[in-house]
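**Q** Compute the structure for the input listed below.
(one chain, ligands or ions: 1)
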Amino acid sequence: MRTGGFGRGKGGETPPLRGMTGAVIRPLRRLLAAGRLIAVLLVLGGLGGALLILAFLSGALSAAAAPGPAPPHPQLVDASRAPATARILKQVALDYAPQMSQPARDQDFRAKVALAKRLLGVGRLVSLRQQSLALLYGRGEVSWEDLRLLRWPGGEQVGVTLSVPVWAPARARRVPTYCGFEKRWQAVAQAQPRPSGFVWFSPSIADINNTAQYRPERIQFEVNSRFAPLAAVFLEYIFREGWYDQAKRVPLMELRAGEDTYAASAYSGPITAECLSFPDDEGDSLAARVALCHYNSLADIYHGRHAVTSNHRLGLAMDLNDFNYAGVTDGPPNPISRAVRQFNRDAMHKLDARHLPAWVYRAAKEPGFRIPQEWTYFGYHTDWAHFDVGTK
Ligand SMILES: [Zn+2]
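**A** Next up, the predicted model:
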């Protein structure tokens with residue numbers, strides 16, 4: 001089954017977005033133009049000419065510090081499955097005005113969230129869960145594999161593949177993922193029932209924390225078409241913050257949304273990866289050591305299976321940077337942690353940039369997502385970066 005164009009399959013890395021070269025080339029051209037001006041002005045001579053040169057050069061230099069042209073917005077990989085959703089995505093795309101301030105960016109985000117909800121006709125997000133369950137009524141165990149092929153009244157297919165801009169560490173490589181209706185993730189890793197998108201892998205903590213060297217990339221995942229515009233605005237906001245402010249770059253390397261059971265391939269070959277391990281598994285201690293971990297394949301790190309009641313099975317939930325590094329404590333970011341330190345979001349983000357900083361959780365409340373602080377898991381105060389529409 002096709003998940004479509006954006007570099008699906010075994011191909012190489014995605015080329016960097018066009019915007020980056022523009023940011024470098026345009027100021028260069030201006031400097032060259034300034035050079036020609038200097039020659040003319042030298043002939044004319046005089047103090048006025050020299051002042052003009054200085055003014056022109058400082059203009060060219062300040063342009064170099066500004067972000068380049070806007071990168072591509074979130075989009076459907078195959079817009080023909082859900083043309084109305086594709087139109088909404090265009091309408092709620094975020095602005096990339098020059099020198100956009102933090103208040104201006106937040107105002108734009110709030111306006112686009114409100115517009116998305118109005119165009120979708122959605123009030124409380126939990127109504128999306130009720131509508132999806134109604135569509136599936138009488139089909140047995142709730143499964144994304146069934147729901148994704150159904151259509152909403154009006155003809156939009158429920159399951160769509162969304163492609164969104166993300167920051168990736170300099171040497172991160174793309175990892176295709178697979179989905180299926182299986183009891184064990186190992187079955188998906190081995191049989192690879194169907195492709196479902198791709199994530200990113202980087203073996204080095206130094207690389208993961210080197211935000212200056214990040215490159216703009218894309219990530220692909222399946223999601224409910226009635227949820228896609230809200231997911232898109234939230235994820236584009238996370239990306240756009242890093243576009244204007246390097247200190248706010250968050251690498252989104254793993255993103256899981258609509259699926260029952262998923263995994264990367266069991267045939268990627270053995271891998272070695274650095275990750276942090278925290279000896280204190282319940283408290284707030286940030287003391288960690290770097291562990292060098294060895295795994296049979298990327299499937300060991302990228303896998304999972306969602307409970308029958310999970311909103312993932314309805315394409316109405318997202319896990320951001322949810323990895324499975326076995327053999328270490330909480331690390332990192334651990335999909336399920338009992339440690340109090342997990343809630344020290346900014347400190348954890350500093351240790352490993354894949355931990356989401358506090359402002360990401362604040363932004364998630366704008367569309368009304370349920371965030372992990374708001375619920376408990378099997379009676380524990382566990383925590384992982386799961387955002388969804390809630391259940392009641
Ligand atoms: Zn989740």
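
**Q** List the residues that contact whichever residue of the stretch 51-200 of the chain sits closest to the ion.
**A** Residue nearest to the ion within the stretch 51-200 of the chain: Trp144 (12.6 Å; CB to the ion). No exception for glycine: its C-beta is placed from N, CA and C like everyone else's. Residues near Trp144 by CB atoms under 8 Å, 6 or more residues apart in numbering: Gly159, Cys179, Phe181, Glu222, Gly258, Glu259, Asp260, His312, Arg313, Leu314, Gly315.

**Q** Ala84 touches Glu156, doesn't it?
**A** Yes. Under the criterion of CB atoms under 8 Å, Ala84 makes contact with Glu156 at 5.6 Å.

**Q** more neighbours, these two?
**A** Glu156 (18 against 15; other CB atoms under 10 Å).

**Q** The more buried one contacts Ala82, correct?
**A** Yes. Using CB under 8 Å, Glu156 is in contact with Ala82, at 4.3 Å.

**Q** residues bridging contact with these two, i.e. touching both?
**A** With CB under 8 Å, 6+ apart as the test, Glu156 and Ala82 both reach Ser225.

**Q** on that earlier part again, mind checking which of the contacts of Trp144 are in helices?
**A** Among these, no residue falls in helices (DSSP state H).

**Q** Could you export the residues you listed as TSV, including distance to the ion, pLDDT and neighbour count?
**A** Shown next, in TSV, are the contacts of Trp144 (distance: CB to the ion, whole Å; pLDDT from 0 to 100; neighbours: other CB atoms under 10 Å):
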residue	distance to the ion	pLDDT	neighbour count
Gly159	17	98	24
Cys179	14	98	26
Phe181	17	97	16
Glu222	14	98	24
Gly258	11	98	33
Glu259	10	98	32
Asp260	12	98	25
His312	6	98	25
Arg313	11	98	26
Leu314	12	98	30
Gly315	12	98	27
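
**Q** residue boundaries of the strands in the stretch 101-250 of the chain?
**A** 159-168, 173-180, 194-201, 215-224 (DSSP state E, counting those that start in this stretch).

**Q** how about the ones you listed in JSON lines, adding distance to Cys275?
**A** Shown next, in JSON lines, are the strands of the stretch 101-250 of the chain (distance: least, CB to CB, whole Å):
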{"stretch": "strand 159-168", "distance to Cys275": "17"}
{"stretch": "strand 173-180", "distance to Cys275": "16"}
{"stretch": "strand 194-201", "distance to Cys275": "12"}
{"stretch": "strand 215-224", "distance to Cys275": "20"}
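
**Q** overlap in contacts of Ala84 and Glu156?
**A** Residues touching both Ala84 and Glu156 by CB under 8 Å, 6+ apart: none at all.

**Q** burial of the residue lying closest to Gly283 once chain neighbours are set aside, as a residue count?
**A** Nearest residue to Gly283, sequence neighbours excluded (CB to CB, 6 or more residues apart in numbering): Val340, at 5.8 Å. By other CB under 10 Å, 14 other residues sit near Val340.

**Q** Please verify my assumption that Val340 contacts Asp281.
**A** No. Val340 is beyond contact range of Asp281, at 10.4 Å (criterion: CB under 8 Å).

**Q** quick one on the thing from earlier: how much space between the residue of the stretch 51-200 of the chain closest to the ion and Gly242?
**A** For Trp144, the distance to Gly242 (CB to CB, to the nearest Å) stands at 30 Å.

**Q** What of Asp280?
**A** From Asp280 to Gly242 the distance is 30 Å (CB to CB).

**Q** who's more crowded, these two?
**A** Using other CB under 10 Å, the more surrounded residue of Asp280 and Gly242 is Gly242, with 20 against 15.

**Q** Quick check: closest non-adjacent residue to that one.
**A** Arg249 (3.4 Å).

**Q** Could you report the neighbour count for that neighbour?
**A** Look at Arg249: counted by other CB under 10 Å, it has 20 neighbours.

**Q** Just the local confidence number for it, please.
**A** Here the pLDDT value assigned to Arg249 is 98.

**Q** List the residues that contact it.
**A** Trp167, Thr211, Tyr214, Glu241, Gly242, Ala353.

**Q** From those residues, keep the buried residues only.
**A** Trp167, Thr211, Tyr214, Glu241, Gly242, Ala353 (16 or more other CB atoms under 10 Å).

**Q** Nearest to the ion among those residues?
**A** Ala353 (20.3 Å).

**Q** separation between the closest one and Leu150?
**A** As for Ala353, its distance to Leu150 is 38 Å (criterion: CB to CB).

**Q** So Leu255 sits against Val199, correct?
**A** Yes. The pair Leu255 and Val199 passes the contact test of CB under 8 Å, sitting 6.7 Å apart.

**Q** so who does Leu136 touch?
**A** By CB under 8 Å, 6+ apart, the contact set of Leu136 is Val142, Asp146, Leu147, Leu150.

**Q** So what's the residue count around the first one?
**A** Yep, that's Val142 we're talking about. The local packing of Val142 (other CB under 10 Å) involves 18 other residues.

**Q** and what of Tyr295?
**A** With other CB under 10 Å as criterion, Tyr295 counts 17.

**Q** do Thr161 as well
**A** By other CB under 10 Å, 26 other residues sit near Thr161.

**Q** Does it touch Phe221 like I think?
**A** Yes. At 7.1 Å, Thr161 counts as touching Phe221 under the criterion of CB under 8 Å.

**Q** which neighbours do the two share?
**A** Listed as contacting both Thr161 and Phe221 by CB under 8 Å, 6+ apart are Ser196, Gly197.

**Q** Please, where are all the helices along this protein?
**A** Under DSSP H, the chain gives helices at 19-44, 47-65, 83-91, 102-120, 126-136, 144-147, 185-191, 205-209, 228-244, 345-351, 358-364.
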